[in-house]
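Q: Provided below are the primary sequence and the corresponding predicted coordinates.
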Amino acid sequence: MKQENDYNPLALDVPHEVKRLREALNKAGYDTPHIAALLRFDVGDARLPAYRAGSKELAFAMHYAKGDAPLNTLVQLFLLGATVNLEAARVAFAPSTPEALLSMGLLEERDGGIATSFQITPLEHLLLLADPHWGELKPKHVVSAGAPSIALAQATIRRKSRSTLDVGAGCGIQAFFAAAHSDQVVGVDRNPRAVNVAAFNAQLNGFDHVEFLAGDLYAPVRDRRFDLIVANPPYVISPESRFIYRDSGLKGDEIAQRVIGDGAPLLEEGGYLQLTCEWAHLAGTDWRDRMAKWFGGTGCDACVLRFTTVAPDVQAEMWLRSDPEVKAEEVPERFRDWLAYHRAEGIEAVSDGIITLRKRSTGPNWIRFDDAPKRIGQCGPSMERAFAAVDFLTATHQDETFLEARLRLAPDVRWEQRLAPTPEGWDVRHSQLYISAGLAYRGDANRQGLSLAELCNGERTVRQVLESLADPNGPPLNIPGVLAVTRQLVEQGFLLPEKEGQI
């Protein structure tokens, strides 16, 4: 049963042993809170630190994890890359055995003890096996959850789905989060090793309605249709093809264009496609105009949420720094190669973010570009409301129609003020409305803006709100300006139409 094929390293024909392994991990408390307490670090986000070989962080972690208690043994083995003695492993893996896990390819004998070539990382309710951060990165390396995959998971619109597709599945994180609200999930990856690892993770996490297929993008599922497609493809704009998980081998941002253009036809009506990616700003071209062409003919509305925009040298430095295989003496030449590539492609800046498409075959489709605000917790509900907001604003684009709408404050809107003392009393130095969860937009709030927000209680029409705002003893109300502000508050989620089902 031990797998010799490097592309299929784990035996998948002993699910009962994988179930016993999960039982042992659960019994030992192999989760983020217990591990954080053992290794003495604060959990600042959803992920555990990466303990790289030779680092001071690893040395301290090994000190705190010493001992033969089951959790200590499992942390030494699966998070820190240490070799443990057989008897400690036998206790930690009960009711499974080291021999069974050796046979399936999870463990190996090393230096008179037991070791592994994998790591297992807890993430919320999941345990994710992947290739380790402490070893050499090879082209087929399967990474665990990183910042882009976490961002995509947080932004995913999690409605009930009959069929969900995870493109560039890697270790399976998007597929497993989607499993909770999907009848069926399929993950696709061009790396056969990733498919093997993800299938193992499906067993480890008890998902029997999730399958994984090997193939490039949509090739294995051309004849299927999906209510939700999520994609974290190898999107880095670079001259390299070093790692399957990072480099597509395609020019510029062609991978993002392919995910969109080839994926849109596989969406059911009303279905969503969401991907994380980089895109290029080409010299002499407005990036919005260029990206708008990607969505033409897809039959989809599109929301482009931009996280950052950086110069080519900043983007190159970021990715080269994050590559542990790049040695210091290699940096100058590799850096020059990246910058030369960007110049040859006419790339003057690189943005990253999340693109969301919704299949809508009736009426003209719309495109929204926005800079992402701070993101707090799950943003899927905010993303879905953003689509509903543009639908509403499109339907009420004429002022007369908009004036008859009834709006109310969203429940997660907050008002923040900071005051400073003066000889005359307290002076307001800062006044903002902000959203406290999801896409956490903020906006300065003057007296008129606060009155507008307060008056939108779902009972008055916009016309009645404007009449209430008018000061009979003051200058005339700037109706176009106030309407523009009101529409922006709807677009960003501060105000919701009172009519049920509109947002």
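A: Perfect, thanks for sending it.
Q: okay, now the domains of the protein?
A: Following automatic domain parsing, one gets these domains for the chain: 15-120, 147-309+351-372, 395-497.
Q: if we compare the ones you listed, which one ends up closest to Glu384?
A: Closest approach to Glu384 among those (CB to CB): domain 147-309+351-372, 4.9 Å. Where you see a C-beta, it was placed from the backbone N, CA and C, and this is true even at glycine.
Q: check contacts around Gly353.
A: Thr276, Cys277, Val304, Leu305, Arg306, Phe307, Thr308, Ala372 (CB atoms under 8 Å, 6 or more residues apart in numbering).
Q: Quick check: which of the domains of the chain is nearest to Ala328?
A: Taking the domains of the chain one by one with CB to CB, domain 15-120 is closest: 14.1 Å.
Q: Restricted to buried residues, select the contacts of Gly353 in ChimeraX.
A: Those of the contacts of Gly353 that count as buried under 16 or more other CB atoms under 10 Å are selected in ChimeraX with:
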select :276,277,304,305,306,372
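Q: could you pull out the helices for the stretch 401-503 of the chain?
A: Using DSSP state H, counting those that start in this stretch, the helices found in the stretch 401-503 of the chain span residues 447-455, 462-469, 479-491.
Q: Could you tell me the angle between the first one and helix 479-491?
A: With axes from the mean of the first three to the mean of the last three CA atoms, to 10 degrees as the basis, helix 447-455 and helix 479-491 are set at 60 degrees to each other.
Q: contacting residues around helix 447-455?
A: 409, 413, 415, 431, 433, 443, 445, 465, 468-469, 482, 485-486, 489, 494-495.
Q: Mean neighbour count, the domains of the chain: which tops it?
A: Between the domains of the chain, domain 147-309+351-372 has the highest mean count of neighbours, a mean of 20, where neighbours are mean count of other CB atoms under 10 Å.
Q: Straight-line length of that domain, end to end?
A: This stretch, domain 147-309+351-372, spans 15 Å end to end (CA to CA, to the nearest Å).
Q: Settle this for me: Cys303 is touching Ala386, isn't it.
A: Yes. Between Cys303 and Ala386 a contact is recorded at 5.9 Å, counting by CB atoms under 8 Å.
Q: Any idea which of the helices of the stretch 401-503 of the chain has the lowest pLDDT on average?
A: For the helices of the stretch 401-503 of the chain, the weakest mean pLDDT is recorded on helix 447-455, namely a mean of 85.
Q: and that one with helix 462-469, angle?
A: Using the same axes, to 10 degrees, helix 447-455 lies at 130 degrees relative to helix 462-469.
Q: low-scoring stretches of the stretch 201-350 of the chain, by residue?
A: For the stretch 201-350 of the chain, applying pLDDT under 70 flags no range at all.
Q: How about the contacts made by Ala445?
A: Counting by CB under 8 Å, 6+ apart, Ala445 has contacts Trp415, Ser431, Gln432, Leu433, Ala453.
Q: the longest strand in this protein is where?
A: strand 267-282 (DSSP state E).
Q: Ala199 against Phe212, yeah?
A: Yes. Counting by CB under 8 Å, Phe212 is a contact partner of Ala199 at 5.0 Å.
Q: can you pull the alpha-carbon coordinates of the helix or strand hosting Val259 into PDB?
A: Assigned by DSSP states H and E, Val259 belongs to helix 254-263. This file holds the C-alpha atoms of helix 254-263, laid out as PDB (Å, rounded to 0.1, in the frame of the first residue of the first chain):
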ATOM      1  CA  GLU A 254      -3.600  35.400 -19.300                       C
ATOM      2  CA  ILE A 255      -4.400  32.800 -16.700                       C
ATOM      3  CA  ALA A 256      -7.000  35.200 -15.100                       C
ATOM      4  CA  GLN A 257      -8.600  35.800 -18.500                       C
ATOM      5  CA  ARG A 258      -8.800  32.100 -19.200                       C
ATOM      6  CA  VAL A 259     -10.400  31.400 -15.800                       C
ATOM      7  CA  ILE A 260     -13.000  34.000 -16.600                       C
ATOM      8  CA  GLY A 261     -13.600  33.300 -20.300                       C
ATOM      9  CA  ASP A 262     -13.700  29.500 -20.000                       C
ATOM     10  CA  GLY A 263     -15.500  29.400 -16.700                       C
END
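Q: could you say what helices and strands that helix packs with?
A: Counting contacts by 3 or more CB pairs under 8 Å, 6 or more residues apart in numbering; DSSP states H and E, helix 254-263 packs against strand 226-231, strand 267-282, helix 287-295, strand 347-359.
Q: Take these and write them to JSON lines, including distance to Pro192.
A: As requested, the helices and strands packed on helix 254-263 are exported to JSON lines (distance: least, CB to CB, whole Å):
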{"stretch": "strand 226-231", "distance to Pro192": "19"}
{"stretch": "strand 267-282", "distance to Pro192": "22"}
{"stretch": "helix 287-295", "distance to Pro192": "29"}
{"stretch": "strand 347-359", "distance to Pro192": "28"}
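Q: Identify the residues contacting the residue most central in space within the chain.
A: In the chain, the C-alpha nearest the mean C-alpha coordinate belongs to Leu152, at 1.8 Å (CA atoms, centre = their mean). Counting by CB under 8 Å, 6+ apart, Leu152 touches Gln174, Val230, Asn232, Gln274, Leu275, Thr276, Ile354.
Q: now these in TSV, with distance to Leu129?
A: Shown next, in TSV, are these (distance: CB to CB, whole Å):
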residue	distance to Leu129
Gln174	16
Val230	20
Asn232	18
Gln274	25
Leu275	24
Thr276	22
Ile354	26
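Q: any idea which of those residues is closest to Gln203?
A: Nearest member of those to Gln203, counting by CB to CB, is Gln174, at 17.6 Å.
Q: Surely that closest one is in contact with Gln154?
A: No. Checked against CB under 8 Å, the pair Gln174 and Gln154 is beyond contact range at 11.2 Å.
Q: circling back: so which of the contacts of Ala445 belong to strands?
A: Counting by DSSP E, the contacts of Ala445 contribute Trp415, Ser431, Gln432, Leu433 to strands.
Q: Out of these, the closest to Glu108 would be?
A: Among the ones in strands among the contacts of Ala445, and counting by CB to CB, the member closest to Glu108 is Gln432, at 56.2 Å.
Q: right, and that closest one touches Asn446 too?
A: No. Gln432 is beyond contact range of Asn446, at 10.5 Å (criterion: CB under 8 Å).
Q: list residues touching both of Cys303 and Ala386?
A: With CB under 8 Å, 6+ apart as the test, Cys303 and Ala386 both reach Arg368.
Q: List the residues that contact Arg224.
A: Contacts of Arg224 (CB under 8 Å, 6+ apart): Ser163, Leu165, Val186, Leu266.
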